[in-house]
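**Q** Provided below for reference: sequence and predicted model.
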Amino acid sequence: MPNPYTVVLIIPTGIGASIGGYAGDALPVARAIAHVSDHLITHPNVLNGAQLYWSLPNALYTEGYALDKFAQGDWGLQPVRQNRIGVIFDQGIEDDLRLRHLQVIDACRATLGLDISDYIITDQPLQVELRTADSGASWGTIGQPASLLRAAEILIEQGKVGAIAVVARFPDDPDNPALTEYRHGGGVDALAGAEAVISHLIVRQFQIPCAHAPALSPLPLDPAISPKSAAEEIGYTFLPCVLVGLSRAPQFITEKKNIDHRTDQTIWADQVNTLIIPASASGGSAVLSFAETSTKIITVAENTTTLQVFPQLLGIDHIQVNSYLEAIGWIVADQAGIHPPAMRSHLSPVRQINY
């Protein structure tokens, strides 16, 4: 029997991806790819849909820093049945807004059966600030990173949690033109870059699954909201999808030793068959790592971003497709042992190699 077919799907956060740059709008792509693969490895930006989510049994919800370490071959991903989740709340969150999030936690425990054992409030406000790069990509800073890490350490040591959700207070700016553009289906998610900074800190320090949900005041109703952004408009928090994702996020194996490959289910980078990325976002750490391996890299032209980093500029061998539908067809053909160009109307002649 052939080995399980493993696909990595990356849509970087905060770069205005036309598919995957909004509120869970890449989830249909992930669902379709999961259906035609044995393992789908992707990250919270792809699977998070605020109030909405879709549990995919063969998807590994992997934070971005951990995904980079996985691609480098340093970390393995070990599937789990269920993680015990702890939640960190920013001290800067108002009491009533924190109560809304606590009600989400109780709802997920009672309705979805998630194991959410403890929460902690940071000893200082985290002081999140948002920034925009010259390229248009979003990023951000956290004023009190040590407070965040202290809270995570206590949750791990006292709560014995296997995954951490962070809820940080983000600045309210309802009149920001960029926010209005995002709500109407354009521009860049201004929160995404700062969210990545928060989760990276915890994963790098503690090697534990982590994802973030911003705490914001509800925005005024807008009848012209884009369907791509609508998932963020239907509730008080963005926490439900994060808790569902973390409940089955893979644990990180940081050393390859004493592993019985006959029974061990840990997935390593050399088992990845295919990587799928937006064509203009080819410069990320994970992409560059996979480019040095036998993994096939599929770039999707239709998913435009604010970046202009194409694989040709970096000398990356790749397969160019127009859409995710075409990428899925390529995966199906590859699994069937069919060379995809054989199904096109024109097939290039075989080459002669001379001595």
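**A** Happy to help now that I have it.
**Q** Give me the number of neighbouring residues for His39.
**A** His39 has 21 neighbouring residues, counting by other C-beta atoms under 10 Å. From N, CA and C alone the C-beta is placed, and that goes for glycine too.
**Q** That one and Thr62 touch, don't they?
**A** No: His39 lies out of contact with Thr62 (C-beta atoms under 8 Å); the separation is 11.0 Å.
**Q** now what about the helix or strand where Ile120 lies, what contacts it?
**A** If you go by DSSP states H and E, Ile120 is part of strand 115-121. Strand 115-121 has contacts (C-beta atoms under 8 Å, 6 or more residues apart in numbering) with 82-91, 98, 102, 105, 108-109, 151, 154-155, 158-161, 243, 247.
**Q** again with stretch 212-220
**A** 44, 90, 93, 97-98, 101, 165-170, 172, 174, 183, 191, 195, 198-199, 233, 236-239, 241-242.
**Q** Can you flag the buried ones in those?
**A** Taking 16 or more other C-beta atoms under 10 Å as the criterion, what is buried in the contacts of stretch 212-220 is 44, 90, 93, 97-98, 101, 165-170, 183, 191, 195, 198-199, 233, 236-239, 241-242.
**Q** which ones among the contacts of strand 115-121 are found in helices?
**A** Residues from the contacts of strand 115-121 lying in helices, with DSSP state H as the criterion: Arg98, Leu102, Ile105, Cys108, Arg109, Ala151, Ile154, Leu155, Gln158, Gly159, Leu243, Ser247.
**Q** possible to save those residues as CSV with pLDDT?
**A** CSV is the format used below for the ones in helices among the contacts of strand 115-121 (pLDDT from 0 to 100):
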residue, pLDDT
Arg98, 96
Leu102, 97
Ile105, 97
Cys108, 96
Arg109, 97
Ala151, 98
Ile154, 97
Leu155, 97
Gln158, 96
Gly159, 95
Leu243, 97
Ser247, 97
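**Q** In CSV: the residues you listed, plus distance to Gly337.
**A** Below are these laid out as CSV (distance: C-beta to C-beta, whole Å):
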residue, distance to Gly337
Arg98, 54
Leu102, 52
Ile105, 47
Cys108, 42
Arg109, 46
Ala151, 51
Ile154, 52
Leu155, 47
Gln158, 52
Gly159, 48
Leu243, 40
Ser247, 36
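**Q** Glu195 versus the spatially most central residue of the chain, what's the distance?
**A** For the chain, the residue sitting closest to the mean C-alpha position, by C-alpha atoms, centre = their mean, is His43 at 2.1 Å. Separation of His43 from Glu195 (C-beta to C-beta, to the nearest Å): 11 Å.
**Q** Give me the common contacts of those two.
**A** Contacts common to His43 and Glu195, judged by C-beta under 8 Å, 6+ apart, are Thr13.
**Q** The nearest residue to Asn303 once chain neighbours are set aside: neighbour count?
**A** Counting by C-beta to C-beta, 6 or more residues apart in numbering, Pro278 is the residue found nearest to Asn303 once chain neighbours are left out, at 4.0 Å. Counted with other C-beta under 10 Å, residues neighbouring Pro278 total 25.
**Q** Help me confirm that Pro278 comes into contact with Val309.
**A** No: using C-beta under 8 Å, Pro278 is not in contact with Val309; the gap is 9.7 Å.
**Q** the helices in the stretch 151-300 of the chain, which residues?
**A** Using DSSP state H, counting those that start in this stretch, the helices found in the stretch 151-300 of the chain span residues 177-183, 192-206, 239-247, 285-290.
**Q** closest one to Gly113 among those?
**A** For these, proximity to Gly113 was assessed by C-beta to C-beta; helix 239-247 is nearest, at 8.9 Å.
**Q** helices or strands up against that closest one?
**A** helix 44-47, strand 84-89, helix 95-112, strand 163-169, strand 210-215 (3 or more C-beta pairs under 8 Å, 6 or more residues apart in numbering; DSSP states H and E).
**Q** Please spell out which residues along stretch 299-318 are buried.
**A** In stretch 299-318, counting by 16+ other C-beta under 10 Å, buried: Thr299, Val300, Asn303, Thr304, Thr305, Thr306, Leu307, Val309, Phe310, Pro311, Ile316, His318.
**Q** Equivalent analysis for stretch 280-292, please.
**A** Ser280, Ala281, Ser282, Gly283, Gly284, Ala286, Val287, Ser289, Phe290, Ala291.
**Q** Could you single out the nearest of those residues to Ala336?
**A** Phe290 (22.6 Å).
**Q** Contacts only, for that closest one.
**A** Val8, Ala71, Ala269, Val272, Leu275, Ile297 are the contacts of Phe290 under C-beta under 8 Å, 6+ apart.
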